[in-house]
Every structure is written in structure tokens, then in C-alpha cells.
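In: Quick one, what's the 3D model for this:
(one chain, ligands or ions: 2)
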Amino acid sequence: MVKQIDFLVIGSGIAGLSFAIKAAEKGSVCIISKVSIDETNTKYAQGGIASVMYHPDSVDKHVEDTITAGHGFCDEEVVRMVVSEAPVRIREMISMGVNFDRKSDGSYDLAREGGHTEHRILHHKDNTGEIIQRALIAKVRKNPRIKVYENHFAVDLITQHHLGEMVKRNRKDIRCFGAYVLDTNTNEVKTVLSKVTVLATGGIGNLYQTTTNPVIATGDGIAMAYRAKGVIENMEFIQFHPTSLYNPGERPSYLITEALRGFGAILRNAAGEKFMKRYDHRGSLAPRDIVARAIDTEMKVRGDDFVYLDSTHLDADELVENFPNITRKCLSLEINITRDMIPVVPAAHYLCGGVKVNMDGQSSIINLYAVGEVSSTGLHGANRLASNSLLEAVVYAHRAAVHSGRLIDKIEHNLKVPEWSIEGTSHPEEMVLVTQNYKEVQIILSNYVGIVRSDLRLERAHRRLEIIYDETEELYKKSILSRRLCELRNLINVGYLVIKMAHERHESLGLHYTIDYPKRRGSEF
Ligand code: FAD
Ligand code: SIN
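Out: Residues are numbered from 1 along each chain as shown. Ligands and ions are numbered 1, 2, ... in the order given. Purely as a prediction, here's the structure:
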């Protein structure tokens with residue numbers, strides 16, 4: 001089956017939905033989502049979205065905090081643009097029905113998180129993402145120019161390669177003509193021809209055993225863009241959130257928002273010691289890379305499985321009022337956060353790198369845009385400042401919609417694209433092969449490519465991943481497609497990129513820390 005559309009949006013989180021709403025003013029839009037429309041990283045966001053909202057906060061301060069957290073590895077022009085455009089995008093979200101918390105005097109109740117020198121996080125209790133996701137879905141559902149296809153999995157981007165041409169990575173005229181999409185209800189692979197294709201597929205958390213990300217986060221967009229010979233960068237900068245609830249076996253790991261530390265909660269080790277000041281003068285509110293590494297060290301040195309987040313000294317009523325979901329979740333495990341300390345561990349949370357894009361969200365492939373966590377814009381540098389991710393997604397969704405909207409009438413569908421071939425494939429004999437390899441990829445990345453790295457560990461990870469790559473490619477060639485098999489393949493591709501880029505960086509910088517090169521290049525410290 002072949003379908004023609006103006007804008008194909010792959011992903012239904014904040015990035016994809018925000019783009020779709022704007023692009024619909026210029027043409028027909030099709031959003032595909034691999035499971036249900038609301039199962040996204042976006043839905044799980046707790047802390048909120050950063051924006052300068054009051055004096056004496058300023059664009060300069062937000063820019064400086066972002067660049068400091070990113071260890072100076074950010075693109076300053078991008079940072080200034082995103083931070084400056086934040087207030088107008090926030091007002092738009094509010095007009096779409098996103099209800100950020102206000103104080104009794106009507107002003108916004110702005111929270112503070114690690115690395116921010118001011119209170120500038122707009123939020124709704126501790127479930128900001130859910131509120132945003134709900135408001136955007138309502139807006140999309142009302143728009144007759146937007147069609148949503150749930151349980152539709154993008155398998156591969158279509159380029160000249162599918163017309164039989166040799167496409168090399170350094171070629172400058174690679175074009176995207178749409179995507180092959182697996183309808184997981186019927187197992188049919190559809191050919192979707194689009195004038196503009198947008199990757200809004202989110203992150204890669206499931207590369208690791210412990211992650212705050214839901215199961216959809218398997219790096220599909222990055223793997224597809226890489227296979228299509230697009231430019232990918234900064235994959236070594238994987239952010240581990242310092243405080244996920246220690247509850248072995250639970251997936252995804254439940255996040256304990258950084259806003260709780262902004263509210264006054266303090267990290268302690270099992271001996272009750274406030275250890276953070278030994279690692280950074282900002283204590284529990286130091287940027288995430290520093291806090292996660294400090295916790296990792298503390299746990300290893302002491303031989304503990306977790307550290308504690310202590311909120312027992314805070315006003316109990318205010319605590320419960322501001323963090324109702326965390327309160328409920330902890331109570332379900334018999335932890336009363338007004339009386340008991342919360343056991344926490346770091347968990348894979350966010351990818352700073354991804355598909356390289358310019359300031360309009362354009363990738364290196366013509367007519368292919370990338371927005372949201374899948375993209376690498378230059379905003380985050382070597383470590384993302386808390387609550388800058390939802391912001392980046394809305395700013396870039398807007399810019400990509402405006403940019404592609406201007407081009408759409410000049411682009412034509414490529415009608416020579418062949419339909420997907422199932423020749424030579426049969427049912428996978430044993431799904432256990434997929435499941436087992438998926439687990440092994442997670443073990444390899446968790447054990448060898450985590451918070452602290454070394455050349456030896458990276459080399460070992462590479463050798464082991466290669467074996468799984470060969471097995472999986474063999475399986476892929478002869479199997480009728482399944483979502484799990486494609487996701488495994490994508491995770492392997494993405495894992496390879498993380499290992500390769502980590503190995504090539506001969507220094508410790510932000511989220512990439514290696515014992516072989518413990519200093520930053522050109523630095524004494
Ligand atoms: P997502 O919201 O992850 O959406 C990805 C979409 O792509 C999904 O619809 C998925 O089904 C679809 N998809 C993926 N692959 C395919 C495929 N092959 N075919 C079809 N569809 C596909 N950031 C902040 O700024 N503030 C916060 O407070 C905050 N809190 C967070 C808390 C948690 C627990 C987590 C996990 C993240 C948090 N983040 C936060 C990060 C932020 O939520 C994400 O970076 C952001 O939501 C990503 O949005 P997105 O639209 O790019 O991707
Ligand atoms: C959190 O609420 O701690 C997560 C914020 C973020 O990832 O930006």
C-alpha cells in the first residue's frame with residue numbers, strides 16, 4: 001500500500017505534536033506513533049520547562065547556566081536563540097490549555113533545579129509532561145488536517161538508496177522521500193511518500209538496564225538516519241539522572257524529580273552523611289553529571305546499592321501538596337516521604353547528541369528534519385541543563401514547521417519509490433533470540449559504557465556488540481518484520497555509535513568521563 005502526504009511526522013511526543021499542529025496550516029499531516037499516541041517520554045516529564053519569566057532573572061543568566069552545565073561545549077548562538085524564544089513558546093502552550101501552577105497572587109510558581117541560578121521552571125505539580133501531552137493531543141485530535149496512526153512503526157527512511165543508487169555517507173544530495181512503516185495491527189509494511197519527513201522519535205534510554213524512559217525509547221530515529229547516511233554527533237553524552245527510585249525490577253525506573261532537591265531535599269549516604277559538598281560546592285543542586293558521578297562513586301566506595309534523598313526536614317503539607325504523585329508512589333512502597341528517606345540510584349535518562357540539525361531543525365539529508373530528543377542542536381553541549389529539553393523541543397518544532405512550511409509547495413513526491421519487499425523472509429523461529437539479544441545489549445552498555453568509562457571497557461563492549469550485531473542482521477534478513485526485532489536492530493546501531501564516539505573522545509568532558517583521560521583536553525584539572 002502506498003500513501004502520499006505533505007508532512008510525515010514520526011513520533012507523538014511534545015516535538016512531533018507541536019510540529020504537526022503548526023505544519024497543518026501549510027498542508028496535510030500524518031503522525032505515526034509506534035504504540036499509543038500518549039506513550040512517550042514527554043508524558044513522564046515531572047520537573048517542568050525552563051523559561052525566563054521575571055526580573056531579576058534574564059536571558060543572559062539562563063544562557064550562562066546552560067553553557068556552564070554544558071561545560072562550554074554548547075553552541076552559544078543556539079543557546080541564545082532557544083532561551084530568547086522560550087517565553088513566546090510558553091505563552092503559546094498556555095493558550096493551548098497547558099495549565100502551569102500559579103501562586104495565590106497569580107504569578108507563576110517557578111521551581112528551581114540543579115544548575116539553575118534562578119527559579120525559572122514552569123511546572124504542573126510533579127506531572128508537567130502529562131499535562132502537556134494531554135493538551136497537545138486534544139489540539140491534534142480536533143484538527144481535520146492531521147491524521148494519527150497509532151501502532152505504526154517507522155522501519156526505514158526512504159532515500160535514493162531504495163531507487164537502486166549507491167548512497168555514500170559523505171554525499172551532499174541525499175534526499176528523503178518518506179518512510180517504510182510497519183502497521184503492527186496487520187503486519188503490513190506501508191510505503192509512505194512525504195514531501196517533508198520529521199523525526200520526532202525521542203531518546204535511547206532502553207540501551208541501559210536502568211532507565212527512566214518508557215519502552216518506546218529505543219533510538220529508532222537516530223538509527224534510521226544513520227542507516228540513511230545522515231550525520232549523527234555527540235552520542236557519548238548520555239545523561240544519567242541522579243535520582244531514580246531504587247526499586248529493583250521496576251521498568252521504567254520511577255523518577256524522583258530534581259525539583260524535590262530544588263525544594264530543599266538533600267542527598268545522604270547510608271551513614272546519613274551529606275556527601276555532595278565533598279564533590280561540589282553547590283551540594284545536592286550541582287549539575288546532573290556531577291551529582292550522578294558523585295552518587296556512583298559514593299555507592300562504589302561504600303559498597304552500597306543506593307543513596308538516600310532526604311525530604312523529612314521539609315514542611316510536610318507543602319511537600320505533599322507540591323509532589324502528590326511522588327508521595328503516592330513512595331507510599332505504595334511503604335515510604336512516607338515526610339518521615340522516611342527515599343532510596344535513589346542514577347538511571348539513564350537523556351541523550352544530548354543525536355541527528356545533527358541546523359537552527360531550523362534540518363538534518364544533513366534534504367527534506368528530513370529532526371526535532372526533540374532525537375536531534376543534536378548544540379543547545380546542551382556536554383551535559384543538558386535540567387528542564388531545557390521540553391523547551392528545545394517546542395522551539396525547534398516551531399522553527400522546523402515555519403521553515404518546511406515555506407518549502408512544501410516546491411517539493412514533489414517521488415513516485416518511483418518501490419514498495420517494501422518481503423521476498424526471502426519467513427516468520428522468526430524463536431522470539432527468544434530477539435529478547436535475549438535485547439537484554440544482552442543492555443547488559444553490555446550498562447556494564448561497560450555507563451557513568452565511568454575506560455578504553456578497555458569500550459573495546460570489550462565493541463567486541464561483544466559485534467557478535468550480537470551479526471546474529472541480529474542474519475535474523476533480520478530472513479524474518480518477517482516485528483517491532484521488537486526492528487527495535488533491537490536500532491538499539492545495536494545506536495549502541496555502536498555511543499561506543500565509537502566515546503572511544504574517539506580522548507578526554508573527560510561533561511557526561512563523558514573516562515579513567516584513561518580523566519582531564520579535559522588542554523586543561524590542567
Ligand atoms: P518523546 O516524547 O519520547 O516521543 C517520542 C515518540 O516517538 C513517541 O510517540 C514514540 O512512540 C515515537 N516513536 C519512536 N520511534 C518510533 C518509530 N520507529 N516509529 C513510530 N513512532 C516512533 N525534560 C524537561 O525538559 N523537563 C522535565 O521535567 C523532564 N522530565 C523528564 C522525566 C522523565 C521520567 C523522562 C524520561 C524525561 C524527562 N525529560 C524532561 C526529558 C523530556 O521528557 C524528553 O526529552 C522529551 O519529552 C522528548 O520529547 P520528544 O517529543 O522528543 O520524544
Ligand atoms: C526532573 O524532573 O528531575 C527531570 C527534569 C529534566 O530531565 O529536565
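
In: Which part of the stretch 51-200 of the chain gets nearest to ligand 2, residue-wise?
Out: Residue nearest to ligand 2 within the stretch 51-200 of the chain (CB to the nearest ligand atom): E113, separated by 6.2 Å. C-beta: built from backbone N, CA, C; applies to glycine.

In: could you measure that residue against G202, distance?
Out: Here E113 is placed at a distance of 21 Å from G202 (CB to CB, to the nearest Å).

In: For the two, indicate the residue with more neighbours.
Out: Under the criterion of other CB atoms under 10 Å, the comparison of E113 against G202 puts G202 first, with 31 against 26.

In: thought that one was touching G13?
Out: Yes. G202 is within contact range of G13, at 5.6 Å (criterion: CB atoms under 8 Å).

In: Closest residue of the stretch 201-350 of the chain to ligand 1?
Out: Closest contact between the stretch 201-350 of the chain and ligand 1, by CB to the nearest ligand atom, is at G202 (2.5 Å).

In: Pull the contacting residues for that residue.
Out: By CB atoms under 8 Å, 6 or more residues apart in numbering, the residues touching G202 are 11, 13, 15, 40-42, 213, 216-217, 221, 372-374.

In: overlap in contacts of G202 and G13?
Out: Common neighbours of G202 and G13 (criterion: CB under 8 Å, 6+ apart): T40, N41, T42, G372, E373.

In: who touches D340 in this structure?
Out: D340 touches T312, C330, counting by CB under 8 Å, 6+ apart.

In: Next one: V167, what pLDDT does it get?
Out: At V167, the model reports a pLDDT of 95.

In: who's in contact with stretch 79-91?
Out: So stretch 79-91 is contacted by 49-53, 59, 62-63, 66-67, 70, 122, 359, 377-379, 388, 391-392, 394-395, 398 (CB under 8 Å, 6+ apart).

In: So which bits of it are buried?
Out: Within stretch 79-91, the residues that count as buried by 16 or more other CB atoms under 10 Å are V79, R80, M81, V82, V83, E85, A86, R89, I90.

In: try stretch 446-458
Out: Across stretch 446-458, burial judged by 16+ other CB under 10 Å covers S446, Y448, V449, G450, I451, R453, R457, L458.

In: ditto for stretch 501-520
Out: Neighbour counts over stretch 501-520 (16+ other CB under 10 Å) mark 501-503, 505, 508-514, 517, 520 as buried.

In: Filter these down to the ones in strands?
Out: If you go by DSSP state E, the buried residues of stretch 501-520 have Y513, T514 in strands.

In: export the buried residues of stretch 501-520 to CSV and tack on distance to I337?
Out: Shown next, in CSV, are these (distance: CB to CB, whole Å):
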residue, distance to I337
M501, 38
A502, 36
H503, 41
R505, 39
S508, 35
L509, 35
G510, 31
L511, 28
H512, 33
Y513, 31
T514, 36
Y517, 40
R520, 38
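
In: What is the lowest-pLDDT residue among the buried residues of stretch 501-520?
Out: Across the set of those, R520 stands lowest in pLDDT, at 93.

In: What separation do you get for that residue and ligand 2?
Out: Here R520 is placed at a distance of 24 Å from ligand 2 (CB to the nearest ligand atom, to the nearest Å).

In: got the contact list for that residue?
Out: H71, E507, S508, L509.

In: which one of those residues sits closest to ligand 1?
Out: Distances from ligand 1 to the contacts of R520, taken by CB to the nearest ligand atom, are shortest for H71, at 18.7 Å.

In: export the buried residues of stretch 446-458 to CSV and tack on secondary structure and pLDDT?
Out: Below are the buried residues of stretch 446-458 laid out as CSV (DSSP: H, G, I helix; E, B strand; the rest coil; pLDDT from 0 to 100):
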residue, secondary structure, pLDDT
S446, helix, 96
Y448, helix, 97
V449, coil, 98
G450, coil, 97
I451, coil, 97
R453, strand, 97
R457, helix, 97
L458, helix, 98
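
In: Can you give me the pLDDT of the closest residue to A386 other than its chain neighbours?
Out: Excluding its sequence neighbours, the residue lying closest to A386 (CB to CB, 6 or more residues apart in numbering) is E113, at 3.8 Å. E113 carries a pLDDT value of 90.

In: Hmm, E113 is touching S387, no?
Out: Yes. Between E113 and S387 there is a contact under CB under 8 Å: 5.8 Å.

In: intersection of neighbour lists for these two?
Out: With CB under 8 Å, 6+ apart, E113 and S387 have common neighbours G47, A50, I121.

In: For the last one, give its distance to ligand 1.
Out: Right, the one you point to is I121. From I121 across to ligand 1, the span is 8 Å (CB to the nearest ligand atom).
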